[in-house]
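**Student:** pasting the sequence and the predicted coordinates here, then a few questions.
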Amino acid sequence: MTRRSVNRTNHAQHEVLPLNIDTIYNKKTSQDLLLRYRRRKLTGQIWTAFLSIVAFSVCGTVILQYFFIQHSKTSIREKTYNADHILDWKLASVKQWCRSVRTVGDPNGGAKEIDCQCEDPLVPTHSTAGRESWWMDAHDWNVQLFQNFTAEGGALSPGDDAASKNGTRRELDVVFLGDSITMRWNARNHGGYQEKMAENKVIFEELFENRACALGISGDTGPNLLWRIQNGEMPSIASTSSTKGVNTNTANAVSEEEEFGPKIWWLLIGINDLRYLGCSEEIVMISIERVVEEIQLRKSINSTVVLNGLLPSSEDEHGRLGPLWESIQKINAELQEHAKKSSGDVRYFDAGSLFLSGDRYIDSDLMPDFLHPSSRGFKKWGKAIKKEIDSILKKP
């Protein structure tokens, strides 16, 4: 019995021993696996955290660079007026698209917004409703006129036979850009020569001594002038300016054009937008700013832009100043402020008082239709312009 018991005991021990070893082995293996799992998980978490930090750093850098670049662009554009996005913001914040007029006979001075056909002030257009038969010919005439001034021995006007005697290109002191008021300096209206305006051209040539040209088209608005500038009426491109979206010439042609390019760009535009299309003062101002921007992108770096304040205008049959004049004064105040904020190459010129009789009426001798100067009005205005030009060019 003792032997059998021992054998049973040994057998029992042999049966239990493998179970204990296996249990211990499995427990140890599980611990190792658990430890490795935890290590892998920790490693993964570390890598995830690291990659997240890198991703956030990269994104943060990109975002900061974006805002820095945008801020830099804004600063540059504010200085050069190459500010499409700024003008877009201004346009988006416009509270009133159409001009308001006071209700006639309203003792409380109530005003209402009139219906208008105002165009997008930032979009160049050659839409010429009612002017299709002659508008493009007038534009081509202006392009040819400028080319004649900058061509060797060029004629004074398209179709003229009289060329400069010395065979050299005439230097331009000033180029006038505008609408019918500017067009009448050439004794032209609605695309054709007007004999009754011939004295205007004589006055123009005497005052500016064939060192100026006037590029205007009757009825034009800011967007019309913008289109004209982009399509040949201002081909001179400064080598230091941005040429994005501009048809550039060769380097030699550019430098040669700059040498003979005008020293002053004299701008008068906006009355048709305000009076006939019914645009609000804000829209007219944005339109003028867009034209100024385009001029600055194309002009010689040493030339000056002069903003001629809108001339007096009246819808009253006797020339009495009213709501339209109030709108003009608001725009002119903004033009003056715009010039003050410029980098020094923009000036404001106010000629409104020259055409007034007292403080309530337009002088009918100087502006018979209360919109366009007469020959006498052109002469008075032209003398004031000549004085300003001499000041800019520092002539004695």
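**Tutor:** On my side now, so go ahead.
**Student:** all strands of the protein, in order?
**Tutor:** For the chain, the strands defined by DSSP state E occupy 100-102, 111-113, 174-178, 188-189, 192-193, 212-216, 264-268, 304-308, 346-349, 356-357, 361-362.
**Student:** shaky segments in the chain?
**Tutor:** Along the chain, the model assigns pLDDT under 70 to residues 1-30, 62, 64-85, 102-114, 152-170, 236-260, 396.
**Student:** if you set the cut-off to 80 instead, what comes out?
**Tutor:** For the chain, the stretches flagged by pLDDT under 80 are 1-41, 44, 56-86, 89, 101-115, 127-128, 150-171, 235-261, 395-396.
**Student:** circling back to that earlier point, distance to residue 390 for the strands of the chain - can I get that in JSON lines?
**Tutor:** To be clear about C-beta, it is placed using only N, CA and C from the backbone, and glycine gets the same treatment. Below are the strands of the chain laid out as JSON lines (distance: least, C-beta to C-beta, whole Å):
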{"stretch": "strand 100-102", "distance to residue 390": "40"}
{"stretch": "strand 111-113", "distance to residue 390": "42"}
{"stretch": "strand 174-178", "distance to residue 390": "11"}
{"stretch": "strand 188-189", "distance to residue 390": "26"}
{"stretch": "strand 192-193", "distance to residue 390": "30"}
{"stretch": "strand 212-216", "distance to residue 390": "12"}
{"stretch": "strand 264-268", "distance to residue 390": "11"}
{"stretch": "strand 304-308", "distance to residue 390": "13"}
{"stretch": "strand 346-349", "distance to residue 390": "13"}
{"stretch": "strand 356-357", "distance to residue 390": "24"}
{"stretch": "strand 361-362", "distance to residue 390": "27"}
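**Student:** how about these in TSV, adding distance to residue 374 and mean neighbour count?
**Tutor:** Below are the strands of the chain laid out as TSV (distance: least, C-beta to C-beta, whole Å; neighbours: other C-beta atoms under 10 Å):
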stretch	distance to residue 374	mean neighbour count
strand 100-102	27	16
strand 111-113	32	12
strand 174-178	17	25
strand 188-189	13	22
strand 192-193	18	12
strand 212-216	17	24
strand 264-268	17	24
strand 304-308	18	23
strand 346-349	20	20
strand 356-357	14	16
strand 361-362	11	22
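**Student:** for those, which one sits closest to residue 124?
**Tutor:** For the strands of the chain, the distance to residue 124 is smallest for strand 174-178, at 13.7 Å, taking C-beta to C-beta.
**Student:** elements contacting the closest one?
**Tutor:** If you count contacts as 3 or more C-beta pairs under 8 Å, 6 or more residues apart in numbering; DSSP states H and E, strand 174-178 packs onto strand 212-216, strand 264-268.
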